[in-house]
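Trainee: Structure of the sequence below:
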Amino acid sequence: MTQPTHTHYESGGKFAELQQHQGTGPLEGQWLIVYEDLDKGIQSATTQDDWLNHWRPLQPDDCPVCLGSGHDHIKGNKNRPCGHCYGLGKVRVDGEAATDLWELATVATGIIERQLEELNRLRQFEANPDIRALLEQHQQQMIDDSMARQDQQWRAEQGYGPGGQRHTGD
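Mentor: This is a model prediction of the structure:
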């Protein structure tokens, strides 16, 4: 049996990436990903952009039952945690479930450490003066666009004056 290599971000499921190749005809210049839905036994293909945006690779410590989502797909209840990983979405490094609270704490500590590393990486990006200037420029552009959109919407609406005209103080 083929082992799952990816899962869908939204709908979950087990997928195996089979091959990649260049598209031909209307798909000239695009990479195509051929994959198999292991739950349904169906092979399909999609573009590389779609594949990267909607599927994520499985990590070695992802829970084999919920595939890292934290809820059990077998029972179909997303409000209840997965019974294998206790809702963490991760298991021990060897792929087995935690058997006691200390092992569960080790798994949770690994999750926290990865989150802290990612947070520190993002803070380093933000500390860069060039990136900070780009963020401030983008924020100012968003404010200006919002004000222009509100002004255009106000001008397009009907006013309260005679014939629906606006009283602008002239």
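Trainee: and whichever strand or helix holds Ser146, how far from the chain's centre?
Mentor: Using DSSP states H and E, Ser146 falls within helix 129-156. Distance of helix 129-156 from the chain centroid (CA atoms, centre = their mean, to the nearest Å) equals 26 Å.
Trainee: just stretch 79-98 next, same as before
Mentor: With CA atoms, centre = their mean, you get 20 Å for stretch 79-98.
Trainee: For the residue nearest to Pro57 when sequence neighbours are not counted, give me its contacts.
Mentor: Leaving out its chain neighbours, the residue that sits closest to Pro57 by CB to CB, 6 or more residues apart in numbering is His6, at 5.5 Å. C-beta here means a position set from N, CA and C on the backbone, and glycine is covered the same way. By CB atoms under 8 Å, 6 or more residues apart in numbering, the contact list for His6 reads 15-17, 35, 55-58.
Trainee: Name the nearest of those relative to Pro129.
Mentor: Checking these against Pro129 by CB to CB gives Arg56 as the nearest, at 32.7 Å.
Trainee: so what secondary structure elements neighbour the helix holding Ser146?
Mentor: Contact here means 3 or more CB pairs under 8 Å, 6 or more residues apart in numbering; DSSP states H and E; on that basis helix 129-156 packs against helix 101-127.
Trainee: what's the strand ranked longest in the chain in contact with?
Mentor: Counting residues, the longest strand found in the chain (DSSP state E) is strand 12-22. Residues outside strand 12-22 that contact it (CB under 8 Å, 6+ apart): 2-8, 28-39, 43, 48, 51, 55, 66-67, 69, 73.
Trainee: Buried ones among those?
Mentor: Buried members of the contacts of strand 12-22, counted by 16 or more other CB atoms under 10 Å: 4-7, 32-33, 35-36, 38, 51, 55, 66-67, 69, 73.
Trainee: Max pairwise distance over those: which two?
Mentor: Within the buried ones among the contacts of strand 12-22, two members stand farthest from each other by CB to CB: Leu32 and Cys66, at 29.1 Å.
Trainee: and Ala45, what element?
Mentor: Judged by DSSP H and E, Ala45 forms part of strand 42-47.
Trainee: Can you list the buried residues in stretch 111-120?
Mentor: Across stretch 111-120, burial judged by 16+ other CB under 10 Å covers no residue at all.
Trainee: Tell me how many other residues surround Gly70.
Mentor: By other CB atoms under 10 Å, the residues close to Gly70 number 17.
Trainee: I figured it was touching His84, is that so?
Mentor: No - checked against CB atoms under 8 Å, the pair Gly70 and His84 is beyond contact range at 10.3 Å.
Trainee: Understood, closing this out.
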